[in-house]
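Engineer: Here is my input, please return the structure:
(one chain, ligands or ions: 1)
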Amino acid sequence: MSAVLTIQSRSHPYTVETFDSLGEALAATPAAAAGTLCLADRAVHAHYHVDFERCLPPERILLVEASEEAKSFEAMAPVFTWLLRRGFKRDGCLLVVGGGVLQDIGCFAASVLMRGVRWELLPTTLLAQCDSCIGSKSSLNLQLFKNQIGTFYPPHRVLLAHGVLRTLPWDEIRSGLGEVIKLHLLAGEQPFAELMDSLAALPGDDSMLPRWVLSSLRIKQTYIEPDEFDRGIRNLLNYGHTFGHAYESATHYEIPHGIAVTLGMLTATWVSVRLGLVDASHYAAMKDRLRPWHEPYGSRLKSVELSAVLDAIKLDKKATRSALHCILTRGIGRMEKISVDLESQLRPALGELIAREI
Ligand SMILES: NC(=O)c1ccc[n+]([C@@H]2O[C@H](COP(=O)([O-])OP(=O)(O)OC[C@H]3O[C@@H](n4cnc5c(N)ncnc54)[C@H](O)[C@@H]3O)[C@@H](O)[C@H]2O)c1
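Structural biologist: Down below sits the predicted model:
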């Protein structure tokens, strides 16, 4: 084990530590203490039940399906009931093991239960390891409204087990890479070029992943520490997300989150070309570079209704009645928040993109 990062937060500073395996990471938590309860992704538990059994008895683990329904506001009541019936106390610790879904559920629970309790996070997807595990956010769905309810409450520790990624399906690896790519695009030409060259060895050789997980977290740290509550520079981390969320919603979540972000970044680049912010050659280059990381989902967008995408965009937190404040680009490392008119600018640009450009 080694603490590789310390993140400053308004609530409390917290460390990111690295381990080879989930078993080692679990053993480093207060799992054995009687006051500890655990929320675990059911699929992760099925793969690693031996590691769990070594550390804590089954009655102290609540298994949760990693689904968008599970991270809804409505689905939280049984989680709170379970924690309280199991005797969770203010000085207890909540262990959360899973990807972004479990993180959102665990973070929300820890932030409001008894007005804030200790929680430790063992992220098990690439997306959660390289991105969501730091930054303090919880996001829950309410019916159709995705990620509209949430809190800022970082874990007290993040324990990264590299080995746990070996059971992750390939599309979930590509999903995490969407966020890795986004962070390195924000960081500039050289980090992006080095990343893309290195990723060429995938899927055969994944030994580079720990390096890029850490590099991603270091980039993200520079945005979240000065702007934890997302009022300024942190907004840039939304690059690709407004359009990505709309694609997820318009396809009924068939597209893994980070792959939708990759498609969202291409969309933001295309809209930037249409607004004259960047040359069309930049879009052409990005289209080639990003294709391996989103196909065949990109092609499937051709059958999506433009109106469904626009309706989803209108539900975005950053949309007013007639305009959308989204992150566009003037080139690699040059992202900006720009207001786009929904009818006169976005509708024609998206129509063209979905029909023939993506
Ligand atoms: N709060 C935040 O800061 C934040 C940031 C980004 C995304 N999110 C949310 O995270 C969610 C997506 O999370 P995600 O992409 O991490 O995936 P996920 O939690 O949805 O998990 C994806 C799939 O992988 C399985 N899985 C997880 N770990 C595994 C492992 N090690 N081996 C085998 N299978 C494994 C899960 O059971 C699930 O089927 C979305 O709901 C998104 O809104 C939250």
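
Engineer: so what's the residue of the stretch 251-358 of the chain found nearest the ligand up against?
Structural biologist: In the stretch 251-358 of the chain, the residue that lies nearest the ligand is residue 257 (4.4 Å; C-beta to the nearest ligand atom). In short, each C-beta sits where N, CA and C put it, glycine included. By C-beta atoms under 8 Å, 6 or more residues apart in numbering, the residues touching residue 257 are 100, 127, 175, 178, 244, 248.

Engineer: Kindly indicate which of these lies nearest the ligand.
Structural biologist: For those, the nearest to the ligand is residue 100 (2.0 Å; C-beta to the nearest ligand atom).

Engineer: Pull the contacting residues for that closest one.
Structural biologist: Shown in contact with residue 100 (C-beta under 8 Å, 6+ apart): 125, 127-128, 132, 257.

Engineer: Among those, which one has the most neighbours?
Structural biologist: Among the contacts of residue 100, the one with the most neighbours (other C-beta atoms under 10 Å) is residue 125, at 30 neighbours.

Engineer: ok, that one - contacts?
Structural biologist: 98-100, 165, 168, 172, 175-176.

Engineer: Let me know how buried the residue of the stretch 151-300 of the chain at minimum distance from the ligand is, in neighbour terms.
Structural biologist: Closest residue of the stretch 151-300 of the chain to the ligand, C-beta to the nearest ligand atom: residue 167 (3.6 Å). Counted by other C-beta under 10 Å, the residues lying close to residue 167 total 14.

Engineer: Now it. Nearest residue, chain neighbours left out?
Structural biologist: Distances taken as C-beta to C-beta, 6 or more residues apart in numbering place residue 47 nearest to residue 167, at 4.8 Å, with adjacent residues excluded.

Engineer: try residue 5
Structural biologist: In space, residue 5 is closest to residue 16, 4.2 Å off (C-beta to C-beta, 6+ apart).

Engineer: How much space separates that neighbour from residue 28?
Structural biologist: Plainly put, residue 16 is 13 Å away from residue 28 if you go by C-beta to C-beta, to the nearest Å.

Engineer: neighbour-wise, which of those two wins?
Structural biologist: residue 16 (25 against 17).

Engineer: returning to what we had before: among the contacts of residue 100, which are in strands?
Structural biologist: Using DSSP state E, no member of the contacts of residue 100 sits in strands.

Engineer: which one of these sits closest to residue 191?
Structural biologist: Closest to residue 191 out of these is residue 127 (18.8 Å), distances taken as C-beta to C-beta.

Engineer: Which residues of this structure lie near the ligand?
Structural biologist: Residues of the chain lying near the ligand by C-beta under 6 Å from any ligand atom: 41, 43-44, 47, 66, 71, 98-104, 124-125, 127-128, 132, 135, 137-139, 147, 164, 167-168, 172, 175, 257.

Engineer: What subset of those residues is buried?
Structural biologist: 41, 43-44, 66, 71, 98-104, 124-125, 127-128, 132, 135, 137-139, 147, 164, 168, 172, 175, 257 (16 or more other C-beta atoms under 10 Å).

Engineer: Looking at those, which are in helices?
Structural biologist: 43-44, 100-104, 127, 172, 175, 257 (DSSP state H).

Engineer: Reformat these as CSV; add pLDDT.
Structural biologist: Supplementary listing: those in CSV, determined by pLDDT from 0 to 100:
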residue, pLDDT
43, 98
44, 98
100, 97
101, 97
102, 98
103, 98
104, 98
127, 98
172, 97
175, 98
257, 94
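
Engineer: Kindly state the pLDDT recorded for residue 2?
Structural biologist: Here, the pLDDT recorded for residue 2 equals 69.

Engineer: I meant to write residue 161 there.
Structural biologist: 98.

Engineer: beta partners of it?
Structural biologist: Counting by DSSP bridges, residue 161 is bridged to residue 19.

Engineer: ok, it touching residue 133?
Structural biologist: No. Contact criterion C-beta atoms under 8 Å: residue 161 and residue 133 do not qualify, at 11.6 Å.

Engineer: residues contacting the residue nearest to residue 5?
Structural biologist: Counting by C-beta under 8 Å, 6+ apart, residue 16 makes contact with 3-7, 133-134, 158, 160, 217.

Engineer: out of those residues, who has the most neighbours?
Structural biologist: residue 133 leads the contacts of residue 16 on contacts (other C-beta under 10 Å) with 28 neighbours.

Engineer: what sits against that residue?
Structural biologist: Counting by C-beta under 8 Å, 6+ apart, residue 133 has contacts 16, 103, 121, 123, 155, 158, 160, 217.

Engineer: and the third one, which of the three is it?
Structural biologist: Spelled out, that is residue 121. strand (DSSP: H, G, I helix; E, B strand; the rest coil).

Engineer: Closest to the centroid, which residue in the chain?
Structural biologist: residue 132 (4.6 Å; C-alpha atoms, centre = their mean).

Engineer: what residues are up against that one?
Structural biologist: By C-beta under 8 Å, 6+ apart, the contact set of residue 132 is 100, 103, 123, 179.
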